[in-house]
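A.B. asks: Sequence and predicted structure are below.
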Amino acid sequence: MATNRQIVLDNRPDGEATMSNFKLVTSETPALADGQVLVRHHYLSLDPYMRGRMNESKSYAASQPLGEVMIGGTVGEVVESRSPKFKPGDQVVGMGGWQEYSVVDADAPGMLRKVDTTHVPLSFYLGAVGMPGVTAWYGLVKIINPKPGSTVVVSAASGAVGSTYAALAKARGCRVVGIAGGPEKCRYAVEELHFDACIDYRVHGGVKSMSQALKQACPDGIDGYFENVGGYILDAVLLRTNAFARIAVCGMIAGYDGAPLPLQNPTLILINRLTIEGFIVSEHMEVWPEALKELGTLVAQGKLKPRESVAQGLQAAPEAFLGLLKGKNFGKQLVKLI
(Lines give C-alpha, C1' and ligand atoms only; values in the text may rest on other atoms or scores of the structure.)
Protein backbone atom coordinates (compact mmCIF):
# COMPACT_ATOMS: atom_id res chain seq x y z
CA MET A 1 0.00 0.00 0.00
CA ALA A 2 1.11 3.52 -0.79
CA THR A 3 0.02 6.87 0.57
CA ASN A 4 -1.88 8.68 -2.16
CA ARG A 5 -2.35 12.45 -2.19
CA GLN A 6 -5.43 13.57 -4.11
CA ILE A 7 -7.16 16.83 -5.03
CA VAL A 8 -10.95 16.72 -4.89
CA LEU A 9 -13.60 19.23 -5.95
CA ASP A 10 -14.78 20.52 -2.56
CA ASN A 11 -17.46 22.98 -3.76
CA ARG A 12 -18.71 24.44 -7.03
CA PRO A 13 -17.55 27.82 -8.36
CA ASP A 14 -19.88 30.80 -8.18
CA GLY A 15 -18.75 32.60 -11.32
CA GLU A 16 -14.96 32.46 -11.54
CA ALA A 17 -13.20 29.35 -10.20
CA THR A 18 -10.98 29.91 -7.14
CA MET A 19 -8.45 28.01 -5.03
CA SER A 20 -11.12 27.42 -2.37
CA ASN A 21 -13.05 25.15 -4.77
CA PHE A 22 -10.32 22.50 -4.34
CA LYS A 23 -9.16 20.43 -1.39
CA LEU A 24 -6.02 18.32 -0.91
CA VAL A 25 -6.70 14.99 0.84
CA THR A 26 -4.64 11.88 1.62
CA SER A 27 -5.68 8.23 1.43
CA GLU A 28 -4.09 4.79 1.21
CA THR A 29 -4.16 2.93 -2.11
CA PRO A 30 -6.40 -0.15 -1.79
CA ALA A 31 -5.17 -3.72 -2.29
CA LEU A 32 -5.49 -4.80 -5.92
CA ALA A 33 -8.21 -7.21 -7.04
CA ASP A 34 -7.67 -9.60 -9.94
CA GLY A 35 -7.44 -7.73 -13.24
CA GLN A 36 -6.35 -4.45 -11.63
CA VAL A 37 -3.12 -2.48 -11.86
CA LEU A 38 -1.61 0.26 -9.69
CA VAL A 39 -0.19 3.20 -11.63
CA ARG A 40 2.22 5.80 -10.22
CA HIS A 41 1.53 9.01 -12.09
CA HIS A 42 4.48 11.00 -13.42
CA TYR A 43 2.53 13.83 -15.05
CA LEU A 44 -1.01 15.19 -14.79
CA SER A 45 -2.60 17.09 -17.65
CA LEU A 46 -4.51 20.31 -16.99
CA ASP A 47 -7.02 21.22 -19.70
CA PRO A 48 -9.67 23.93 -20.13
CA TYR A 49 -12.55 21.41 -20.42
CA MET A 50 -12.15 20.70 -16.70
CA ARG A 51 -13.60 24.13 -15.90
CA GLY A 52 -16.90 23.18 -17.54
CA ARG A 53 -17.06 19.95 -15.53
CA MET A 54 -16.85 21.93 -12.27
CA ASN A 55 -20.25 23.51 -12.94
CA GLU A 56 -23.50 21.75 -12.13
CA SER A 57 -25.21 22.37 -15.44
CA LYS A 58 -26.27 20.58 -18.58
CA SER A 59 -23.21 19.85 -20.66
CA TYR A 60 -21.85 17.19 -22.98
CA ALA A 61 -20.37 15.30 -20.03
CA ALA A 62 -21.50 14.63 -16.48
CA SER A 63 -20.50 17.21 -13.87
CA GLN A 64 -17.48 16.51 -11.68
CA PRO A 65 -18.96 14.98 -8.48
CA LEU A 66 -18.24 16.88 -5.28
CA GLY A 67 -15.80 15.22 -2.89
CA GLU A 68 -14.26 13.10 -5.65
CA VAL A 69 -10.86 13.30 -7.33
CA MET A 70 -10.78 15.89 -10.12
CA ILE A 71 -10.87 14.33 -13.58
CA GLY A 72 -7.74 14.48 -15.71
CA GLY A 73 -5.38 12.70 -18.07
CA THR A 74 -2.22 11.15 -16.62
CA VAL A 75 0.92 9.37 -17.75
CA GLY A 76 2.97 7.16 -15.51
CA GLU A 77 4.33 3.75 -14.73
CA VAL A 78 2.71 0.51 -13.63
CA VAL A 79 4.14 -0.30 -10.17
CA GLU A 80 1.99 -3.35 -9.36
CA SER A 81 -0.14 -5.58 -11.57
CA ARG A 82 -2.67 -8.34 -11.17
CA SER A 83 -3.44 -8.36 -14.88
CA PRO A 84 -1.65 -10.31 -17.63
CA LYS A 85 -1.98 -7.24 -19.89
CA PHE A 86 0.42 -5.06 -17.88
CA LYS A 87 3.62 -5.61 -15.95
CA PRO A 88 5.51 -3.38 -13.52
CA GLY A 89 7.61 -0.87 -15.44
CA ASP A 90 5.14 -0.47 -18.31
CA GLN A 91 4.69 3.20 -19.21
CA VAL A 92 1.03 4.06 -19.65
CA VAL A 93 -1.41 6.86 -20.40
CA GLY A 94 -4.87 6.99 -18.85
CA MET A 95 -7.41 9.14 -17.01
CA GLY A 96 -6.01 8.82 -13.51
CA GLY A 97 -7.14 12.24 -12.29
CA TRP A 98 -5.56 14.74 -9.89
CA GLN A 99 -3.75 12.23 -7.68
CA GLU A 100 -0.38 10.52 -7.33
CA TYR A 101 -1.61 6.93 -7.81
CA SER A 102 -4.59 5.28 -9.45
CA VAL A 103 -6.01 1.76 -9.38
CA VAL A 104 -7.20 0.83 -12.85
CA ASP A 105 -9.34 -2.03 -14.13
CA ALA A 106 -7.05 -3.29 -16.89
CA ASP A 107 -9.91 -4.96 -18.78
CA ALA A 108 -12.03 -1.80 -19.09
CA PRO A 109 -11.75 -0.63 -22.72
CA GLY A 110 -9.73 2.54 -23.25
CA MET A 111 -8.83 3.03 -19.58
CA LEU A 112 -5.10 2.42 -19.93
CA ARG A 113 -2.80 2.35 -22.94
CA LYS A 114 0.87 1.40 -23.13
CA VAL A 115 3.10 4.00 -24.76
CA ASP A 116 6.54 3.89 -26.34
CA THR A 117 8.95 6.60 -25.18
CA THR A 118 11.76 5.70 -27.61
CA HIS A 119 11.10 8.71 -29.87
CA VAL A 120 8.33 10.54 -28.00
CA PRO A 121 8.84 11.82 -24.42
CA LEU A 122 6.34 10.47 -21.89
CA SER A 123 4.76 13.88 -21.19
CA PHE A 124 3.97 14.40 -24.90
CA TYR A 125 1.32 11.67 -24.62
CA LEU A 126 -0.75 14.21 -22.66
CA GLY A 127 -0.28 16.90 -25.31
CA ALA A 128 0.79 16.74 -28.93
CA VAL A 129 0.53 12.93 -29.13
CA GLY A 130 -2.48 12.72 -26.84
CA MET A 131 -5.95 14.15 -26.42
CA PRO A 132 -5.06 17.78 -27.39
CA GLY A 133 -3.20 16.59 -30.48
CA VAL A 134 -6.07 14.37 -31.63
CA THR A 135 -8.43 17.29 -30.94
CA ALA A 136 -6.46 19.48 -33.34
CA TRP A 137 -6.29 16.66 -35.88
CA TYR A 138 -10.04 15.96 -35.82
CA GLY A 139 -11.05 19.61 -36.10
CA LEU A 140 -8.67 20.27 -38.98
CA VAL A 141 -8.87 17.01 -40.91
CA LYS A 142 -12.47 15.92 -40.38
CA ILE A 143 -14.35 19.22 -40.05
CA ILE A 144 -12.34 21.98 -41.75
CA ASN A 145 -10.81 19.59 -44.31
CA PRO A 146 -8.75 22.29 -46.02
CA LYS A 147 -7.45 22.26 -49.57
CA PRO A 148 -3.80 23.21 -50.23
CA GLY A 149 -3.55 27.00 -50.38
CA SER A 150 -6.45 27.55 -47.98
CA THR A 151 -6.16 30.06 -45.15
CA VAL A 152 -6.93 28.58 -41.74
CA VAL A 153 -7.00 30.31 -38.35
CA VAL A 154 -6.82 29.05 -34.76
CA SER A 155 -7.35 30.85 -31.44
CA ALA A 156 -5.17 29.97 -28.42
CA ALA A 157 -2.45 29.42 -31.01
CA SER A 158 0.53 28.74 -28.73
CA GLY A 159 -1.23 26.14 -26.57
CA ALA A 160 -1.29 22.37 -26.85
CA VAL A 161 -4.05 22.27 -29.48
CA GLY A 162 -2.98 25.34 -31.44
CA SER A 163 0.65 24.30 -31.83
CA THR A 164 -0.37 20.89 -33.15
CA TYR A 165 -2.95 22.43 -35.48
CA ALA A 166 -0.21 24.57 -37.05
CA ALA A 167 2.03 21.59 -37.81
CA LEU A 168 -0.87 19.61 -39.29
CA ALA A 169 -2.10 22.54 -41.40
CA LYS A 170 1.37 23.36 -42.72
CA ALA A 171 1.77 19.70 -43.72
CA ARG A 172 -1.38 20.15 -45.82
CA GLY A 173 -0.11 23.25 -47.63
CA CYS A 174 -2.24 25.84 -45.81
CA ARG A 175 -1.59 29.42 -44.81
CA VAL A 176 -1.90 29.27 -41.02
CA VAL A 177 -2.75 32.29 -38.87
CA GLY A 178 -2.82 32.17 -35.07
CA ILE A 179 -4.38 34.33 -32.37
CA ALA A 180 -2.57 34.42 -29.01
CA GLY A 181 -2.07 36.67 -25.97
CA GLY A 182 1.10 38.73 -25.77
CA PRO A 183 4.14 39.41 -27.98
CA GLU A 184 6.16 36.47 -26.60
CA LYS A 185 3.51 33.90 -27.51
CA CYS A 186 3.04 35.45 -30.95
CA ARG A 187 6.77 35.51 -31.63
CA TYR A 188 6.99 31.85 -30.57
CA ALA A 189 4.05 30.96 -32.84
CA VAL A 190 5.76 32.45 -35.90
CA GLU A 191 9.40 31.55 -35.20
CA GLU A 192 9.04 28.11 -33.59
CA LEU A 193 5.64 26.80 -34.67
CA HIS A 194 5.88 28.18 -38.24
CA PHE A 195 2.61 30.09 -38.23
CA ASP A 196 2.53 32.46 -41.20
CA ALA A 197 1.23 35.22 -38.92
CA CYS A 198 0.05 35.61 -35.34
CA ILE A 199 -2.31 38.27 -33.96
CA ASP A 200 -1.99 39.48 -30.36
CA TYR A 201 -5.51 39.71 -28.93
CA ARG A 202 -4.20 41.89 -26.10
CA VAL A 203 -3.40 44.55 -28.70
CA HIS A 204 -6.65 43.94 -30.61
CA GLY A 205 -9.19 43.86 -27.81
CA GLY A 206 -12.40 44.48 -29.76
CA VAL A 207 -14.24 43.21 -32.83
CA LYS A 208 -13.27 46.13 -35.09
CA SER A 209 -9.57 46.04 -34.24
CA MET A 210 -9.37 42.22 -34.39
CA SER A 211 -11.23 42.16 -37.71
CA GLN A 212 -8.76 44.67 -39.20
CA ALA A 213 -5.82 42.58 -37.97
CA LEU A 214 -7.38 39.46 -39.50
CA LYS A 215 -7.88 41.30 -42.79
CA GLN A 216 -4.16 42.07 -42.91
CA ALA A 217 -3.08 38.56 -41.87
CA CYS A 218 -5.63 36.82 -44.14
CA PRO A 219 -5.69 38.87 -47.37
CA ASP A 220 -7.56 36.07 -49.17
CA GLY A 221 -10.14 35.69 -46.40
CA ILE A 222 -10.60 32.77 -44.00
CA ASP A 223 -11.50 29.28 -45.24
CA GLY A 224 -11.31 27.42 -41.92
CA TYR A 225 -11.33 28.38 -38.26
CA PHE A 226 -10.66 26.28 -35.16
CA GLU A 227 -12.47 27.85 -32.20
CA ASN A 228 -11.16 27.54 -28.65
CA VAL A 229 -12.21 30.88 -27.20
CA GLY A 230 -15.48 32.37 -28.50
CA GLY A 231 -16.63 35.90 -27.66
CA TYR A 232 -15.53 38.86 -29.75
CA ILE A 233 -12.81 36.85 -31.50
CA LEU A 234 -15.45 34.64 -33.12
CA ASP A 235 -17.37 37.75 -34.20
CA ALA A 236 -14.23 39.17 -35.81
CA VAL A 237 -13.45 35.88 -37.59
CA LEU A 238 -16.99 35.61 -39.00
CA LEU A 239 -16.57 39.04 -40.62
CA ARG A 240 -13.56 37.69 -42.55
CA THR A 241 -14.89 34.28 -43.60
CA ASN A 242 -15.10 33.28 -47.24
CA ALA A 243 -18.14 31.61 -48.74
CA PHE A 244 -18.41 27.97 -47.56
CA ALA A 245 -15.87 28.47 -44.77
CA ARG A 246 -15.90 25.76 -42.12
CA ILE A 247 -15.60 26.32 -38.37
CA ALA A 248 -14.69 23.57 -35.89
CA VAL A 249 -15.89 24.49 -32.40
CA CYS A 250 -13.74 22.83 -29.75
CA GLY A 251 -14.01 25.25 -26.83
CA MET A 252 -15.53 28.52 -25.65
CA ILE A 253 -13.21 29.50 -22.84
CA ALA A 254 -14.61 33.05 -22.81
CA GLY A 255 -17.90 31.65 -21.52
CA TYR A 256 -16.68 29.17 -18.91
CA ASP A 257 -17.51 31.43 -15.96
CA GLY A 258 -21.12 31.71 -17.08
CA ALA A 259 -21.01 34.98 -19.02
CA PRO A 260 -23.32 35.02 -22.08
CA LEU A 261 -21.59 34.99 -25.48
CA PRO A 262 -23.98 36.55 -27.98
CA LEU A 263 -23.06 36.57 -31.68
CA GLN A 264 -23.08 40.04 -33.24
CA ASN A 265 -23.69 39.00 -36.84
CA PRO A 266 -25.29 35.55 -37.06
CA THR A 267 -26.63 36.51 -40.51
CA LEU A 268 -23.08 35.84 -41.79
CA ILE A 269 -23.74 32.13 -41.26
CA LEU A 270 -26.35 32.41 -44.01
CA ILE A 271 -24.64 35.01 -46.20
CA ASN A 272 -21.39 33.03 -46.35
CA ARG A 273 -23.08 29.58 -46.19
CA LEU A 274 -20.87 28.63 -43.26
CA THR A 275 -20.59 25.18 -41.72
CA ILE A 276 -20.18 25.37 -37.95
CA GLU A 277 -19.68 22.07 -36.14
CA GLY A 278 -19.00 21.42 -32.48
CA PHE A 279 -17.21 18.22 -31.50
CA ILE A 280 -15.95 16.25 -28.50
CA VAL A 281 -12.85 14.26 -29.35
CA SER A 282 -13.65 11.36 -26.99
CA GLU A 283 -16.73 10.62 -29.12
CA HIS A 284 -14.51 9.85 -32.11
CA MET A 285 -12.24 7.09 -30.83
CA GLU A 286 -12.22 5.51 -34.29
CA VAL A 287 -9.88 8.24 -35.62
CA TRP A 288 -7.37 8.11 -32.75
CA PRO A 289 -5.03 5.47 -34.24
CA GLU A 290 -4.72 7.34 -37.55
CA ALA A 291 -4.32 10.70 -35.80
CA LEU A 292 -1.77 9.44 -33.26
CA LYS A 293 0.29 7.84 -36.01
CA GLU A 294 0.61 11.15 -37.89
CA LEU A 295 1.23 13.13 -34.70
CA GLY A 296 3.91 10.72 -33.47
CA THR A 297 5.63 10.90 -36.84
CA LEU A 298 5.63 14.72 -36.83
CA VAL A 299 7.23 14.73 -33.36
CA ALA A 300 9.83 12.10 -34.30
CA GLN A 301 10.73 14.08 -37.44
CA GLY A 302 11.13 17.29 -35.45
CA LYS A 303 8.28 19.00 -37.33
CA LEU A 304 6.21 19.34 -34.17
CA LYS A 305 8.09 20.73 -31.18
CA PRO A 306 5.49 21.43 -28.53
CA ARG A 307 6.28 23.63 -25.56
CA GLU A 308 5.29 22.71 -22.01
CA SER A 309 4.52 24.68 -18.85
CA VAL A 310 5.26 22.40 -15.90
CA ALA A 311 4.07 23.00 -12.34
CA GLN A 312 5.89 21.04 -9.63
CA GLY A 313 3.98 18.73 -7.30
CA LEU A 314 0.30 17.85 -6.92
CA GLN A 315 -0.35 20.74 -4.53
CA ALA A 316 0.52 23.16 -7.36
CA ALA A 317 -2.28 21.85 -9.63
CA PRO A 318 -5.14 24.21 -8.60
CA GLU A 319 -3.11 27.38 -9.03
CA ALA A 320 -1.67 26.16 -12.34
CA PHE A 321 -5.19 25.29 -13.54
CA LEU A 322 -6.58 28.73 -12.65
CA GLY A 323 -3.60 30.28 -14.45
CA LEU A 324 -4.34 28.19 -17.54
CA LEU A 325 -7.88 29.63 -17.67
CA LYS A 326 -6.34 33.12 -17.78
CA GLY A 327 -3.71 32.25 -20.40
CA LYS A 328 -0.76 32.34 -17.98
CA ASN A 329 0.57 29.02 -19.29
CA PHE A 330 2.89 28.88 -22.29
CA GLY A 331 2.20 25.71 -24.24
CA LYS A 332 0.80 22.52 -22.76
CA GLN A 333 0.09 22.85 -19.01
CA LEU A 334 1.29 19.87 -16.98
CA VAL A 335 1.91 19.02 -13.34
CA LYS A 336 5.02 16.94 -12.59
CA LEU A 337 4.24 14.48 -9.81
CA ILE A 338 7.50 12.57 -9.41
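C.D. replies: Nice, I can see it.
A.B. asks: tell me the phi and psi of the most centrally placed residue in the chain?
C.D. replies: The centroid of the chain falls nearest to Pro132 when counting by CA atoms, centre = their mean (4.0 Å). For Pro132, the backbone dihedrals are phi -60, psi -40 (criterion: degrees, to the nearest 10).
A.B. asks: do the same with Ala316
C.D. replies: When quoted as degrees, to the nearest 10, the phi and psi of Ala316 stand at phi -80, psi -10.
A.B. asks: Can you get me a residue count around it?
C.D. replies: Number of residues near Ala316 (other CB atoms under 10 Å) recorded here: 16. Bear in mind the C-beta positions are built from the backbone N, C-alpha and C, glycine included.
A.B. asks: just to revisit the earlier point, relative to Val207, how far out is the residue nearest to the centre of the chain?
C.D. replies: 28 Å (CB to CB, to the nearest Å).
A.B. asks: do the same with Gly96
C.D. replies: Noted for Gly96: a distance of 41 Å to Val207, by CB to CB.
A.B. asks: If you count surrounding residues, which of these two has more?
C.D. replies: In this comparison of Gly96 against Val207, neighbours counted by other CB under 10 Å, the higher total goes to Gly96 at 27 against 19.
A.B. asks: Can you give me the pLDDT of the more buried one?
C.D. replies: At Gly96, the predicted lDDT confidence score is 97.
A.B. asks: now it: how far from Ala128?
C.D. replies: If you measure Gly96 against Ala128 using CB to CB, the figure is 20 Å.
A.B. asks: What is the lowest-mean-pLDDT helix or strand in the chain packed up against?
C.D. replies: Ranked by mean pLDDT, DSSP states H and E, the weakest helix or strand in the chain is helix 49-54, scoring a mean of 92. Judged by 3 or more CB pairs under 8 Å, 6 or more residues apart in numbering; DSSP states H and E, helix 49-54 is in contact with helix 317-325.
A.B. asks: Quick one: distance of the helix it packs on to the chain centre.
C.D. replies: Computed by CA atoms, centre = their mean, to the nearest Å, the separation of helix 317-325 from the middle of its chain amounts to 14 Å.
A.B. asks: Please enumerate residues in contact with the very next helix or strand once past that helix?
C.D. replies: Tracing the chain C-terminally past helix 317-325 and defining elements by DSSP states H and E, one meets strand 332-336 next. With CB atoms under 8 Å, 6 or more residues apart in numbering as the test, strand 332-336 has contacts from 42-47, 98, 123, 126-128, 132, 159-160, 306-314, 316-317, 320-321, 323-324.
A.B. asks: Just the buried ones from these?
C.D. replies: Buried subset of the contacts of strand 332-336 (neighbour count, 16 or more other CB atoms under 10 Å): 42-47, 98, 123, 126-128, 132, 159-160, 306-309, 311, 314, 316-317, 320-321, 323-324.
A.B. asks: Strands - which of those residues land there?
C.D. replies: Judged by DSSP state E, strands contain the following of these: 42-45, 308-309, 311.
A.B. asks: of those residues, closest to Ser155?
C.D. replies: Among these, Ser309 lies closest to Ser155 (CB to CB), at 18.0 Å.
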